[in-house]
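Undergrad: Sequence first, predicted coordinates after that:
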Amino acid sequence: MSPLHVPWWLPPLLLAGLCGLLCPLLGTLLVLQQRVLTTNLMAYSVLPGVVVARVLGLPPLLGGLAGSLGSVLLAELLIARRRVVAAEADAVLNTVLASSLGMGVLLVQGLDLPVDLDGLLFGDLLLSGPTDRIGVLLTLVLMILLLQGQFERLQWLGLDPEGAEELEIPLRGLRLTMAALTALVVVTATAAVGLALVMALICAPALFGLGANISLARSLRSASAVGGVIALVSCGLALLLDLPPGPFMACCCLPLLLAPSGRG
Amino acid sequence: MMCVKRGRSGHRSSGLLMAAPLLQAHQLSFSYRERPVLQGINLALEARSCTLIRGDNGAGKSTLLQLLQGRLEPDAGWVRLAGRPLRGQRRRLALVAQAPSLRWHYPICVADLVGLGCTGPARRVERALEQVGLTALARAPISTLSAGQRQRALVARAVARQPAVLLLDEPLACLDATSRLQLGTLLTEQARAGPAVVFTAHGAIPGSFQNLEQLHLHRGRLIREELR
């Protein structure tokens, strides 16, 4: 055996571990900014984006990003047009989410495209390639750079956006950056856990990390560490038991919600 | 209508006649959709003054404070700080809102909340916490605070920034008798130290508030009350 030989199980495990570190970092910020439902919408809107990209001969990553961001833009426009309150906005988001998924499925079946629908929805680590790993790694680096460079503004965005406005701290650019990064995380992590299940890896470790409730930095570290462990262990077990890793990972996230919350 | 006010030095000043009061509102009007709330409000606040604005529920007290801070744009009229428009200097005005948008489940301790946006030395945060009686809770997560403690934390946050004008919307709500007295002393001290302090209230005001100017907001207009 060549010393450079990489065991077949290592690349998928590496990808799962990277996703496990990355998704909870984003999730912690999104939970605090109350943007989880929007992210769910972005995840499901990857599908029509990928399908349209396939039809146009564009890279799926580009299509996924366009689908994610386009759906959020559409939802925001509908919310603004109808002048709905926050609770009704959730209804609009959910409707756009279902429509995006429906449109994606209709496009796949109507155009009879060779799209691996199961792989997109539930992930297929074994089919992932170096591009997927590099994509997740680069997104993780971008996320760390954002956290390093904009930590105080991220705190304002999650804690007190109106207070930031009072101090004339501009948050618009950061909001746009967050939207773009969210789309990137969702699209790149889809290879590991699938767009239907990525939310579990985004949310559950984040909630676990926020349980201690002391500081954002500590919550981010805890969430990312727990996400990494969950992803590695569940992926390893799934490979061992010959089960699909994405659904296995999502199920392993559920017990995290039983962890005690430090909130008073 | 013009509201004429007197600073602590007894110097008589007018919103329209004086060159540049610290904070000046001129002919402010504001409506929610078609319902007028404030009409032709004139106000001139000097440094080292403490002003109480009273009014019934829905009289427009909170709206007036938000207009003074620049959070809301008036339908007509203007607000100036030191003779200049608010844009670019809103950070010199601190508003402690009655129902702040702050997310209390956020993972941050009291001292860090008070220090966020405070560019001065750390000692300033410690001092502000001392002044509102929250030193013992400095490292506590904000999610564990009671309603009264939250109110005090918000006051500390505003005070730590050392604003030119300190605006407080119903700061006495949720506070127990001791905290109300403490707040009265704190705001009086603040007014002595330099900023103009403006606050709204419904009920009785503790005796610890001194040199208080009182205004009454009624049917969208500001009326001066008896000086204490």
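TA: Sure thing, it's come through. Residues are numbered from 1 along each chain as shown, chains lettered A, B, ... in the order given.
Undergrad: For chain A, give me its nearest residue in chain B.
TA: Nearest residue of chain B to chain A, counting by C-beta to the nearest C-beta: B:T144, 3.3 Å away. The C-beta positions use only the backbone N, C-alpha and C, and glycine is treated the same way.
Undergrad: Heading C-terminal from the helix or strand of chain B with the lowest mean pLDDT, find the next helix or strand.
TA: Sorted by mean pLDDT, DSSP states H and E, the helices and strands of chain B end with strand B:12-14, the least confident at a mean of 40. Sequence-wise, the next helix or strand downstream of strand B:12-14 (DSSP states H and E) is strand B:23-32.
Undergrad: so what strands line up beside the next helix or strand along the chain from that next one?
TA: For strand B:23-32, the succeeding helix or strand toward the C-terminus, using DSSP H and E, is strand B:35-45. The sheet places strand B:35-45 alongside strand B:23-32 (antiparallel), with pairing taken from DSSP bridges.
Undergrad: buried ones in the strand it pairs with?
TA: B:L23, B:Q24, B:A25, B:H26, B:Q27, B:L28, B:S29, B:F30 (16 or more other C-beta atoms under 10 Å in any protein chain shown).
Undergrad: is the helix or strand hosting A:L30 anywhere near chain B?
TA: Assessed by DSSP H and E, A:L30 sits inside helix A:10-33. Yes - counting by C-beta under 8 Å from any C-beta of the partner chain, chain B is contacted by helix A:10-33 at A:L32.
Undergrad: tell me which strands and helices that helix is in contact with?
TA: helix A:36-44, helix A:130-149, helix A:151-159, helix A:172-193, helix A:198-210, helix A:216-241, helix A:245-253 (3 or more C-beta pairs under 8 Å, 6 or more residues apart in numbering or on different chains; DSSP states H and E).
Undergrad: could you redo the last one with a cut-off of 6 Å?
TA: Counting contacts by 3 or more C-beta pairs under 6 Å, 6 or more residues apart in numbering or on different chains; DSSP states H and E, helix A:10-33 is packed against helix A:130-149, helix A:151-159, helix A:172-193, helix A:198-210, helix A:216-241.
Undergrad: tell me the most buried of those?
TA: helix A:198-210 (a mean of 27; mean count of other C-beta atoms under 10 Å in any protein chain shown).
Undergrad: what's the angle from it to helix A:216-241?
TA: Orientation check (axes from the mean of the first three to the mean of the last three C-alpha atoms, to 10 degrees): helix A:198-210 against helix A:216-241 gives 130 degrees.
Undergrad: Output helix A:198-210 as PDB, nothing but the C-alphas.
TA: Provided in PDB are the C-alpha atoms of helix A:198-210 (Å, rounded to 0.1, in the frame of the first residue of the first chain):
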ATOM      1  CA  VAL A 198     -28.600  20.500   7.500                       C
ATOM      2  CA  MET A 199     -30.800  22.500   9.900                       C
ATOM      3  CA  ALA A 200     -30.300  19.900  12.600                       C
ATOM      4  CA  LEU A 201     -26.600  20.400  12.500                       C
ATOM      5  CA  ILE A 202     -27.000  24.200  12.400                       C
ATOM      6  CA  CYS A 203     -29.500  24.400  15.300                       C
ATOM      7  CA  ALA A 204     -29.000  21.600  17.800                       C
ATOM      8  CA  PRO A 205     -25.300  22.200  18.700                       C
ATOM      9  CA  ALA A 206     -26.000  25.900  18.700                       C
ATOM     10  CA  LEU A 207     -28.800  25.500  21.300                       C
ATOM     11  CA  PHE A 208     -26.500  23.300  23.300                       C
ATOM     12  CA  GLY A 209     -23.700  25.900  23.300                       C
ATOM     13  CA  LEU A 210     -26.100  28.700  24.200                       C
END
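Undergrad: Would you mind checking the average pLDDT for that helix?
TA: Helix A:198-210 comes out with an average pLDDT of 92.
Undergrad: just stretch B:52-61 next, same as before
TA: 89.
Undergrad: then that stretch to CSV, C-alphas only?
TA: Coordinates of each C-alpha in stretch B:52-61 appear next as CSV, following Å, rounded to 0.1, in the frame of the first residue of the first chain:
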residue,chain,number,x,y,z
LEU,B,52,-39.7,65.4,33.8
ILE,B,53,-42.4,65.0,31.1
ARG,B,54,-45.7,63.8,32.4
GLY,B,55,-48.7,62.7,30.5
ASP,B,56,-51.5,60.2,30.3
ASN,B,57,-51.1,56.8,28.5
GLY,B,58,-50.9,57.5,24.8
ALA,B,59,-50.1,61.1,25.2
GLY,B,60,-47.0,60.7,23.1
LYS,B,61,-44.3,60.8,25.8
